[in-house]
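# sequence and predicted structure are below.
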Amino acid sequence: MSKSSRLLQNIILVVFALYALTPVYLVFLASVRSEADLFSSPLTLSWPVNLTNFGRVWTDAGFGTYFLNSVITAVSVTVLVLLTAPLAGFAFAKMRFAGREVLFGLFLAGLVVPAPSIIVALYGNLQGMGMIDTRWGVILPQAALLMPFSVFMMRTVMQDVPNELIEASLMDGAGFFHLFMTVVLPVVRPGLMSLVLIVFLFAWQEYLLPLVVLQTDNLKPLTVGAASLQGRYGVDYGGIAAAGLIAFAPLVVLFLAMQRSFVRGLTAGAVK
Amino acid sequence: MLTTRAAYLFILPALTLYLVFVGLPILQVIGFSLFDWDNGAMGEFIGLANYRRMLGDQVFWTALWHNGLWVLLTLAFPLIAGLVLAAILAERNQRLVQWLGAIYFIPRTIPLVVAGIIWGWIYNPIFGLMNYGLETIGLGGLAGAWMAQESTALLSLNVVGAWTFFGFCVVIYLAAIQSIDPSFYEAAEIDGASWWRRFKDLTVPLLRGSSLFLGLYAAIEAMRFFDLVWVTTQGGPGYATEVLTTHIYKTFFLVGDFGYAATLSVVLLIIVLSISAGAFAILREP
């Protein structure tokens, strides 16, 4: 390859890296600056870093509580999906029964259903079930909306379980549930890990459901908290930056630490 | 393959949750759209009157046009950027691929609400980095109130959308490139084909499947997105960034017109389900 085209390629790679990272860097920068030097030399990090913004939003603006709520909601949704989707995925991948295609088609259709398109009915239903302004009112619909993707992904994962393995243990007289728990789950552990990460990510990022379902401030997650902070604290840029960082830093760290599992999960179904 | 009734028990928990919180509301929304509503109480059956009303609703057509434009913009920028980046990275060493792949992907992990807030600052007409950068390189004349003026609002938002999406495209394309038989490239190398020729004649055609998948994925996402608009412009200024989801949200929560909000929801559902049905039909073919 000629030198000039190699240079051009490198420039493209770097420009997009800057595109990806600059906004993240700016938030980090604004979050560790005091109000006074927020607008002085816009792009350099002043030392020592100032952590008062974090203290302020964590305690005064309630981001400690919002953080806890995001953890509770995202973990609950993940557990709920983990308890249900692998079982269904296994049935669709390895068992034969009447109506299999129809039932799977039902899940497939749900892959693309946008939350805003069902909220008109869902809201009233949640009201009827007494779930407005409760954690369950967010957790259950959220898990249900993520179910099609999860079942689809689990089916793909379960298809790789060797049939001989299943038949051998059934020959030994094991029941299906016992087989699932002791033979299947250990084999698909990497797939389960991917599922956990993706569902956790999506649940943490969710905005519309908690926005409309929750009214009590003490129940709201980080996404709703950060969005409302923008209106309330209009000019407290350091505070908003710290809040934003609290809202996304756990996800970035989780992604960087578990990159392989993440990517495997996100490309499941795309590459096959 | 096992033949069993236990299968139903295995599927039951997932199916129940799904039907109660997604399936049932879909059916209800279809029903709601056929009735007249007064203050949240169902009135008389009016057939397709809500749909007729929709045909004359300028905001609906504007919103739909913006969704369509969003699809085109996504195909034009992040998708092609992802393809080029993946093709460049495919010939570099594994460490660099790992690093840059991760960097490009980071914006995807950031909640769209937070992405909207961050970019709101960058676009801020007074202290934002965008105008600051333009002035620094002597293009101060191009500075503007990016998200606050009708001419640039939707495009500015799309740059944010692209920011969260191009890394995903890189990852998908890289995975696909790695499954291409290397002998194709070796043969091209021996023939002395330039990088551009290899990209145009080998990579692009061989990645057709992935491009199709990403294009359809982008189209569905373009119909579904809500968070980004709601936290930044709420559809404004005027109706400059109105999309179907924000139109539904406003019609339901702000106007309180249940029947018409349900009608818009049904149309949104029909559109995304058609795209996905088309996607499965196309992607299933070898």
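Yes, it's here. Remember, it's a predicted structure, so these values are computed and weren't measured experimentally.
# near chain B, anything from stretch A:17-36?
Yes. Using CB under 8 Å from any CB of the partner chain, we find that stretch A:17-36 touches chain B at A:17, A:19-24, A:26-27, A:30. Bear in mind the C-beta positions are built from the backbone N, C-alpha and C, glycine included.
# so what's the residue count around residue A:95?
Using other CB atoms under 10 Å in any protein chain shown, the number of residues around residue A:95 comes to 21.
# please state the backbone phi and psi of residue A:258?
Taking degrees, to the nearest 10, you get phi -120, psi 30 for the backbone angles of residue A:258.
# who's in contact with it?
Applying CB atoms under 8 Å, 6 or more residues apart in numbering or on different chains, we find residue A:258 in contact with A:193, A:197.
# same thing but at 10 Å, please
Contacts for residue A:258 were tallied using CB atoms under 10 Å, 6 or more residues apart in numbering or on different chains; they are A:193-194, A:196-197, A:264-265.
# distance-wise, check it relative to chain B.
The gap separating residue A:258 from chain B is 11 Å, by CB to the nearest CB, to the nearest Å.
# what of residue A:174?
For residue A:174, the distance to chain B under the criterion CB to the nearest CB works out to 12 Å.
# next, that residue: phi, psi?
Note on residue A:174: its backbone torsions stand at phi -80, psi 140 [degrees, to the nearest 10].
# correct me, but it touches residue B:6?
No. Taking CB atoms under 10 Å as the contact criterion, residue A:174 and residue B:6 are not neighbours in contact, 11.8 Å apart.
# can you list residues touching both of the two?
With CB under 10 Å, 6+ apart, residue A:174 and residue B:6 have common neighbours residue A:180.
# on that earlier part again, what two of the residues of stretch A:17-36 next to chain B are the furthest from one another?
The span of the residues of stretch A:17-36 next to chain B, defined through CB to CB, is set by A:17 and A:30 at 20.6 Å.
# more neighbours, the two?
Just comparing residue A:17 and residue A:30: by other CB under 10 Å the higher neighbour count belongs to residue A:30, 22 against 16.
# I'd say that one and residue B:124 touch.
No. With contact defined as CB under 10 Å, residue A:30 and residue B:124 do not form a contacting pair (11.9 Å).
# find the residues that touch each one of the two.
Contact criterion CB under 10 Å, 6+ apart; residues bridging residue A:30 and residue B:124 by contacting each: residue A:237.
# now flag whichever of the contacts of residue A:258 is closest to chain B.
Nearest to chain B, judged by CB to the nearest CB, of the contacts of residue A:258 is residue A:264 at 9.1 Å.
# how many neighbours does the nearest residue to that closest one once chain neighbours are set aside have?
Computed as CB to CB, 6 or more residues apart in numbering or on different chains, the closest residue to residue A:264 that is not its neighbour in sequence is residue A:194, at 4.9 Å. The number of residues packed around residue A:194, counting by other CB under 10 Å, is 24.
# list the contacts for residue A:194?
For residue A:194, the contacting residues are A:153-154, A:157, A:188, A:258, A:260-268, by CB under 10 Å, 6+ apart.
# residue A:155 - how many residues pack around it?
Applying other CB under 10 Å, we find 23 other residues in the vicinity of residue A:155.
# please see if the strand or helix carrying it touches chain B.
When secondary structure is defined using DSSP states H and E, the element that contains residue A:155 is helix A:136-158. Yes. Using CB under 10 Å from any CB of the partner chain, helix A:136-158 reaches chain B at A:140-148, A:150-151, A:154.
# and the helix or strand just after that helix, which residues are buried?
Tracing the chain C-terminally past helix A:136-158 and defining elements by DSSP H and E, one meets helix A:163-171 next. Taking 16 or more other CB atoms under 10 Å in any protein chain shown as the neighbour-count basis, helix A:163-171 is seen to contain the buried residues A:166, A:170.
# just checking, what packs against helix A:163-171?
For helix A:163-171, the contact count by 3 or more CB pairs under 10 Å, 6 or more residues apart in numbering or on different chains; DSSP states H and E identifies helix A:63-94, helix A:176-179, strand B:2-3 as packing neighbours.
# I'd say residue A:29 and residue A:244 touch.
No. In this structure, residue A:29 is not within contact of residue A:244 by CB under 10 Å, at 11.9 Å.
# who's more crowded, the two?
residue A:244 (29 against 18).
# what count of nearby residues applies to residue 32?
Just so you know, I chose chain A. Other residues within reach of residue A:32, judged by other CB under 10 Å, total 21.
# look at chain B instead
The local packing of residue B:32 (other CB under 10 Å) involves 23 other residues.
# from memory it sits against residue B:45, does it?
No. Residue B:32 lies out of contact with residue B:45 (CB under 10 Å); the separation is 11.3 Å.
# wait, what's in contact with residue 139?
No chain was given, so I picked chain A. With CB under 10 Å, 6+ apart, residue A:139 has these contacts: A:72-77, A:79-80, A:131, A:203, A:209-210, A:213.
# not quite, I wanted chain B
For residue B:139, the contacting residues are B:131, B:133, taking CB under 10 Å, 6+ apart as the criterion.
# phi, psi of it?
Taking degrees, to the nearest 10, you get phi -110, psi 30 for the backbone angles of residue B:139.
# now for the helices and strands packed on helix A:163-171, which one comes closest to residue B:39?
Distances from residue B:39 to each of the helices and strands packed on helix A:163-171 were compared using CB to CB; the shortest belongs to helix A:63-94, at 31.8 Å.
# near chain B at all, that closest one?
Yes. Figure legend: helix A:63-94 in contact with chain B (CB under 10 Å from any CB); contacting residues A:70, A:80-81, A:83-94.
# so where's chain B uncertain?
Along chain B, segments meeting pLDDT under 70 span B:1-3, B:285-286.
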